[in-house]
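[1] Sharing a sequence plus its predicted fold:
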Amino acid sequence: EAEAAREDGVDAVSVVTPNGLHAPVALAFIRRGIHVICDKPLATTLADAQAMVDAVRENDVVFALTHTYTGYPMVKQARAMVEDGAVGTVRKVVVSYSQGWLSQPVERQGNAQAMWRTDPLQAGAGTLADIGSHAHNLATYVTGLQVERLCADVRTFVEARAVDDDANVLLRFVGGAGGVLHCSQIAAGLGNDLRLCVIGTEGTLTWNGDTRDELTVHPREGHARLLRRGHGDLSPQAYYAARFGSSEVADRSFANVYRNALRTISARVEGREPSPLDLDFPTVEDGLRGVRFFFAALESGRREAWVAVEP
């Protein structure tokens, strides 16, 4: 309230709290006309996620969601190639995200991160909310497709853990494409293993987070081609995101999300139109789709059935 009343008040706030505080903190700023950059997932309940979308629309603020992996240049290149028809019509998407840091009950051994991330009240869900939401966002960001149905096998392998720690999800996208999403935090020995495969009628794209500066293009006929970050033959979106000398750590992709969001906010403050390249960041609507995804997966796991997902 104090900042909103000042002529020289803050332009934006970054929300990096545990998940359960995203909605109340972000809404306090949104409703006072202050722009927000928020960690994912958007919220821990569908009602809160919808309230955040409504508030952003009503107060006409910029809202960016830090789905980090959309900031990598070669992820942007994959998106541009799908948009340009390089793989033809998308038939199937396979995305997996595996970690091993929760393969043991570290939440009962004093690990503060694990304590809140395995608390359903603070986290909303387990692996589905934490890294499944990243995998879902990556698949939809690159392909431009939205999930309309899913069937999930959701498991909790660590005894007495209150949230899911492993999930395998069959996907059906609007328009008929299929997919598979795997997320796990009990993959002992793995650190941050994120992979994406987009299969189309004319070829396939593969990307691996461990070699994030590379994208492999497999045409239907001919040899596979390796594309690398920073080369002049990439899309404007990929080249715009490749300003760093190295992308060895996730900070670089975070920086791209923040850079685009803050340039968009600056344009809004100055009363001008932002660059289309700067508008390339996850929004509050993307966040709502992510929350719908992981709650639908939880429901499907309980029912052991296909369930609809509102796109």
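    Looks like it arrived, so ask away. Keep in mind that what you see is a predicted model, and the values were worked out from it rather than measured.
[2] Can you list the low-confidence ranges for this structure?
    Residues of the chain meeting the criterion pLDDT under 70: 243-251.
[3] can you rerun that using 90?
    1, 3-4, 229-234, 236-254, 311 (pLDDT under 90).
[4] Now do the strands in it.
    12-15, 35-38, 63-65, 90-98, 147-155, 166-173, 178-184, 193-200, 203-208, 214-219, 225-228, 307-308 (DSSP state E).
[5] Identify the residues contacting the first one?
    Counting by C-beta atoms under 8 Å, 6 or more residues apart in numbering, the neighbours of strand 12-15 from elsewhere in the structure are 21-22, 25-26, 29, 34-39, 62, 261-262, 265. Quick note: C-beta positions are derived from backbone N, CA and C, even for glycine.
[6] Return the entry from the residues you listed with the maximum number of neighbours.
    If you count neighbours using other C-beta atoms under 10 Å, the busiest of the contacts of strand 12-15 is residue 26, which has 29 neighbours.
[7] hang on, it packs against residue 51?
    No: in this structure, residue 26 is not within contact of residue 51 by C-beta atoms under 8 Å, at 9.8 Å.
[8] gap between residue 10 and residue 140?
    Distance, residue 10 to residue 140, using C-beta to C-beta, to the nearest Å: 31 Å.
[9] So these two - more neighbours on which side?
    Each of residue 10 and residue 140 has its neighbours counted (other C-beta under 10 Å); residue 140 has more, 24 against 12.
[10] got the contact list for the closest residue to residue 189 other than its chain neighbours?
    Leaving aside its sequence neighbours, residue 189 sits nearest to residue 100 (C-beta to C-beta, 6 or more residues apart in numbering; 5.2 Å). Residues counted as contacts of residue 100 (C-beta under 8 Å, 6+ apart) are 185-191.
[11] Buried members of those residues into PyMOL, please.
    Filtering the contacts of residue 100 down to the buried ones (16 or more other C-beta atoms under 10 Å) takes a single PyMOL command:
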select buried, resi 185+186+187
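[12] Looking at the contacts of residue 100, which one is closest to residue 219?
    Set against residue 219, the nearest of the contacts of residue 100 by C-beta to C-beta is residue 190 (30.7 Å).
[13] how about the closest one, phi and psi?
    Per-residue torsions, residue 190: phi -90, psi 150 (degrees, to the nearest 10).
[14] Do I have it right that it meets residue 102?
    No: Residue 190 is beyond contact range of residue 102, at 11.1 Å (criterion: C-beta under 8 Å).
[15] farthest pair in the contacts of residue 100?
    186 and 191, at 13.4 Å, using C-beta to C-beta across the contacts of residue 100.
[16] hang on, isn't residue 288 packed against residue 54?
    No: checked against C-beta under 8 Å, the pair residue 288 and residue 54 is beyond contact range at 9.9 Å.
[17] Which residues are in contact with each of those two?
    With C-beta under 8 Å, 6+ apart as the test, residue 288 and residue 54 reach no residue in common.
[18] More neighbours: those two, which one.
    Per other C-beta under 10 Å, whichever of residue 288 and residue 54 has more neighbours is residue 288, with 22 against 14.
[19] Show the contacting residues for that one.
    Contacts for residue 288 (C-beta under 8 Å, 6+ apart) come out as 42, 49-50, 52-53.
[20] Select only the buried ones of those in PyMOL?
    PyMOL command restricting the contacts of residue 288 to the buried ones, with burial defined by 16+ other C-beta under 10 Å:
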select buried, resi 42+49+52+53
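[21] Which member of the contacts of residue 288 is positioned nearest residue 116?
    residue 42 (16.7 Å).
[22] That closest one - nearest residue in space that isn't next to it in sequence?
    residue 287 (2.9 Å).
[23] how many neighbours does that neighbour have?
    There are 28 residues near residue 287, going by other C-beta under 10 Å.
[24] Quick check: it touching residue 49?
    Yes: contact status for residue 287 versus residue 49: in contact at 6.4 Å, counting by C-beta under 8 Å.
[25] So for the two, which residues contact both of them?
    Contacts common to residue 287 and residue 49, judged by C-beta under 8 Å, 6+ apart, are 42-43.
[26] Residue 18 contacts residue 122, correct?
    Yes: using C-beta under 8 Å, residue 18 is in contact with residue 122, at 4.9 Å.
[27] Identify the contacts common to those two.
    residue 116.
[28] Thanks a lot, catch you later.
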